[in-house]
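Undergrad: build me a model:
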Amino acid sequence: MSYFDLTTWRAFTKEEMLTFLASLRQNPGDKKKNGPKKRGSNLIIQKMASPFDIYTYLHARFGPPNGLQTFLARDDSDNLFHWDYYLKAAGKSLTFTGAAQEVHVWFNDNLSDAECLKFIENLKVDFRRVGRSKREFAATLEKWNIFPNQYLSIAERCADLYESIETALPKVNRAIFGDNFSYKNLQTHINNKTLVKLITRLTTAPTELAVLMPVMFESFIGLLISGLIKPELKQNQRMFESFRRSPLDIKIMDLANRCKGFKRPIDYNNPSFSRYRNIINKRNDIIHGNIDPSKDVLYNVYFHNKIPIYKSGGDRIQQYFISLLDQYKPQQVLEDYIATHDFIAEILGHLEPQVRESLLLVMGDSQPGWDEKRNIFGHLFPHRVVTSYFEGMRYDWDLRAE
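TA: Sure thing, here's the model as predicted:
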């Protein structure tokens, strides 16, 4: 069968392509007159050969893709079908279509599983026959390393915590600080567990957010450095490691000297910088368990033997909830979160506009790319992930030799 003799393959001629396109415009009545069309076979290759090998092989043999899907595809990476080849195999039609991480193959004839396996094996053998041309073309492709964006994953968690605190805090404040406060009203909240859940949220989320905010910020700095570090510094491993591991405040002030794209350096006395240093100090106190009982005071109570005597009056449950808010400081944590983002925005404002726009795209990409040759990173794919399924298509991993 001609499909198995790969030396007979050739690309569609211009006339054959025009004939094919004309057949697509044929109305249903005309198709009926010409009789039923043979269905043929469809195969999806996922495991037994890579899209990289198949595409570089086809391009090395037949030049750029020549199919309809190639013509219809947008000039970006956001396509369901990216490329296709229309070929002739000794008079029979053969189509390869690239759909993300799989390749669809269509044959005129109905092929058995065993014949599909033989087709794939012959295809892989022919890779070697044109190996030199295949390698030469592959060398012209851009190679991108896909890497994890730690900044985005932490930033999304911080945003969730911020929203949780911001939603709960006004409700708790109304419940325990309202003018119509009474034990009866408070007891109603406690009985239906609404207030308890909100208080629980305000005694857990602020601590987590306070610890994660500086991690988010340092992940931002790490992402910035990874993409904008000057090549000559990156090549000097000792200098690069020294800069990367330097204290955060020194590293921030040195960004403009060590990285590309800065219009001006960041001043140590910048107000956003000063506010952020306070956030770092509070984070460090949490991590290291630093506490001063003489200064970190929630309220005072006196004891006469074992009798507690409170200096201020009030409902005990209400005052206890108030002391929890004083302890976990949810409002302050919300303000610190905004201050952290203000400092990130301040640093971005020191960048050249084009560099800033590129960095913002990468910051919002969970899996950005890095081009080793050009020392640039980029946003390569849309945020959505799609695939396709067509009834009757067979997958290579599901084929059974007869």
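Undergrad: only C-alpha atoms for contact and neighbour calcs from this point on.
TA: OK.
Undergrad: how about the strands in the stretch 251-400 of the chain?
TA: Assigned strands in the stretch 251-400 of the chain, in chain order: 301-304, 307-310, 369-371, 376-378, 394-395 (criterion: DSSP state E, counting those that start in this stretch).
Undergrad: in the stretch 101-250 of the chain, where is pLDDT below threshold?
TA: Filtered on pLDDT under 70, the stretch 101-250 of the chain yields the residue ranges 178-192.
Undergrad: I'd like the strands of the stretch 251-400 of the chain laid out as TSV, including distance to residue 172, mean neighbour count and mean pLDDT.
TA: Below are the strands of the stretch 251-400 of the chain laid out as TSV (distance: least, C-alpha to C-alpha, whole Å; neighbours: other C-alpha atoms under 10 Å; pLDDT from 0 to 100):
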stretch	distance to residue 172	mean neighbour count	mean pLDDT
strand 301-304	25	9	93
strand 307-310	24	10	93
strand 369-371	44	18	92
strand 376-378	44	19	88
strand 394-395	56	18	92
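Undergrad: right, and the ones you listed - which one's nearest residue 203?
TA: Residue 203 sits nearest to strand 301-304 of all the strands of the stretch 251-400 of the chain, at 22.4 Å, using C-alpha to C-alpha.
Undergrad: show me what contacts the residue nearest in space to the middle of the chain?
TA: For the chain, the residue nearest the mean C-alpha position is residue 366 (1.4 Å; C-alpha atoms, centre = their mean). The contact partners of residue 366, by C-alpha atoms under 8 Å, 6 or more residues apart in numbering, come to 148, 149, 150, 152, 153.
Undergrad: thinking again about what came up before, and the strands of the stretch 251-400 of the chain as a markdown table, adding distance to residue 336?
TA: Shown next, in a markdown table, are the strands of the stretch 251-400 of the chain (distance: least, C-alpha to C-alpha, whole Å):
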| stretch | distance to residue 336 |
| --- | --- |
| strand 301-304 | 31 |
| strand 307-310 | 32 |
| strand 369-371 | 31 |
| strand 376-378 | 30 |
| strand 394-395 | 53 |
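Undergrad: out of the ones you listed, which comes closest to residue 260?
TA: Each of these has some distance to residue 260 by C-alpha to C-alpha; the shortest is strand 376-378, at 10.9 Å.
Undergrad: in terms of secondary structure, what does the helix or strand hosting residue 225 contact?
TA: For residue 225, the host element (DSSP states H and E) is helix 205-228. Where contact means 3 or more C-alpha pairs under 8 Å, 6 or more residues apart in numbering; DSSP states H and E, helix 205-228 is packed against helix 150-177, helix 271-288, helix 330-349, helix 353-363, strand 376-378.
Undergrad: which of the ones you listed sits closest to residue 232?
TA: Nearest of the helices and strands packed on helix 205-228 to residue 232, taken as C-alpha to C-alpha: strand 376-378 at 14.1 Å.
Undergrad: and the closest one, what other elements does it pack with?
TA: helix 205-228, helix 353-363, strand 369-371.
Undergrad: pairing partners for that strand, with directions?
TA: Strand pairing for strand 376-378, using DSSP bridges, gives strand 369-371 (antiparallel).
Undergrad: give me the domain ranges for this protein.
TA: The chain breaks down by automatic domain parsing into domains covering 2-144+388-398, 150-366.
Undergrad: so which of these comes closest to residue 382?
TA: Nearest to residue 382 among the domains of the chain is domain 2-144+388-398 (6.2 Å), distances taken as C-alpha to C-alpha.
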